[in-house]
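A.B. asks: Sharing a model prediction with you, sequence too.
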Amino acid sequence: MFVDILNNYDFNDLKKFIHSRSERDVELALSASKIDEDHFAALLSPAAENFIEPMAAEAHRITKQRFGNTIKIYAPLYLSNECTNSCVYCGFNTHNTIPRVTLSDDEIKQEVDHIASLGIQHLLLVTGESPKQVGIDYLVNALKLMSNKYSSIAIEVFPMSVEDYSIMYQNGVDGLTVYQETYNRDKYAEVHPAGKKRDFEWRLGSAERGAQAGFRFLGIAPLMGLEEFRTEQFLTGLHAEYLIKNYWKSQVSLSFPRIRKAEGNFTPYELISDTNLVQSMLAHRLFQHDIGLAISTREPAQMRDSLLPLGVTQMSAGSKTEPGGYSQEHDGKQFEIEDKRSVQEFCDMLRSKGYDPVMKDWDRSFLLGA
């Protein structure tokens, strides 16, 4: 399991190693025919900030070769903000005094119809982590209500067993997103003081269990701002590499979520600059050529536009981060979005820059064997 690999690394020692890489190490990485782990560390190092332009040029070349000028468009659908966890950075923290909402059947249908009317065929179902209130039965029912309106449905919910992920798969789910938040065990315990999410290893193994259940794509990420980002991104890269090698039938993608304003007013432990975000993306693209790189509406419109030629392959559009938000905006958000453009406006921007917004790249009939 990946936890066995992770246990070989001391977070602080790894941090020192990455920060000790020199410009010569970066030059060797950029001239290498294949990027290994030492090269990856160099590309994430402070020294590599002087090489952003050549890294960007190579990342652009690789992405165009592997993905063309396409951007997969997806939308999150928040079913519930009920949560039993106490994650200090999250608006859904059980101690926060936000309106708690779990969508009814009619409300689910209304949200589903609205997103489908925008032309988006890739849906990400999101909930807080409250399995007793929003558990397997609720999710299965919600999936049935969506019928055949979407070609691809992923989930970002509480971690499950292989058996329960298999139930999701059998009911039309083909993808899983699960953020580890931080790969530093000590910091993980600090920011997750109570709740099931406090179980570091159970969460860490979620992507592996999802792959075993048959999901065709897996999304992972650290939450940028909880820990020293260079070390976090290195360990994320190792996690992705492990999944690619051991579960080759599943496509792996990475996200780069920076902490945004949310109920509770959590202050990030580290402020992640635009340069930090760009360097992280470029290093991952050079390390893993075929990995998906996703940027959500957490980022401002101008920033998202500027990231297009740097390796991005997936982007959300027109997002709402509260249950029922597509029908009527209200309190209860997980976090504030920054890019508030409509789906049409966003897709028009993509086309103006020579990119093809992909609303559908899969059909559920392949999954269901119809």
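C.D. replies: The structure has been received and is ready for your questions. Numbers count the residues shown, from 1 in each chain.

A.B. asks: Dump stretch 301-315 to CSV, restricted to CA.
C.D. replies: The C-alpha atoms that make up stretch 301-315 are tabulated as CSV, following Å, rounded to 0.1, in the frame of the first residue of the first chain:
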residue,chain,number,x,y,z
ALA,A,301,-10.7,34.2,-13.6
GLN,A,302,-7.5,35.9,-14.7
MET,A,303,-5.4,33.3,-12.9
ARG,A,304,-7.3,30.4,-14.5
ASP,A,305,-6.9,32.0,-18.0
SER,A,306,-3.2,32.4,-17.5
LEU,A,307,-2.8,28.7,-16.4
LEU,A,308,-4.2,27.3,-19.6
PRO,A,309,-1.0,26.8,-21.5
LEU,A,310,0.9,25.4,-18.5
GLY,A,311,-0.5,21.8,-18.4
VAL,A,312,-4.1,22.1,-17.3
THR,A,313,-6.5,19.5,-18.6
GLN,A,314,-9.6,19.8,-16.5
MET,A,315,-11.5,22.9,-15.2
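
A.B. asks: pLDDT weak spots in this protein?
C.D. replies: Scanning the chain with the threshold set as pLDDT under 70 gives 330, 367-370.

A.B. asks: which residues sit in contact with the residue nearest in space to the middle of it?
C.D. replies: For the chain, the residue sitting closest to the mean C-alpha position, by CA atoms, centre = their mean, is residue 255 at 3.7 Å. By CB atoms under 8 Å, 6 or more residues apart in numbering, the contact set of residue 255 is 177, 179, 219, 220, 221, 294, 295, 296. For glycine as for every other residue, the C-beta is placed from the backbone atoms N, C-alpha and C.

A.B. asks: Which phi and psi values does the third one adopt?
C.D. replies: Residue 219 adopts backbone torsions of phi -120, psi 130, taken as degrees, to the nearest 10.

A.B. asks: Need phi/psi at residue 216.
C.D. replies: Per degrees, to the nearest 10, the residue geometry at residue 216, taken as phi and psi, is phi -80, psi -20.

A.B. asks: Now the element after the lengthiest strand in the chain, going C-ward?
C.D. replies: The strand of greatest length in the chain, counted in residues with DSSP state E as the criterion, is given as strand 70-80. Of the helices and strands lying after strand 70-80 in sequence (DSSP states H and E), the nearest is helix 105-117.

A.B. asks: could you check the angle strand 70-80 makes with that next one?
C.D. replies: Between the axes of helix 105-117 and strand 70-80, defined by axes from the mean of the first three to the mean of the last three CA atoms, to 10 degrees, the angle is 170 degrees.

A.B. asks: just the strands in this structure please.
C.D. replies: With DSSP E as the criterion, the chain has strands spanning 70-80, 122-127, 152-156, 175-177, 217-220, 251-255, 292-295, 314-316, 356-358.

A.B. asks: Just give the strands next to the second one in its sheet, each with its orientation.
C.D. replies: Counting by DSSP bridges, the strands paired with strand 122-127 are strand 70-80 (parallel), strand 152-156 (parallel).
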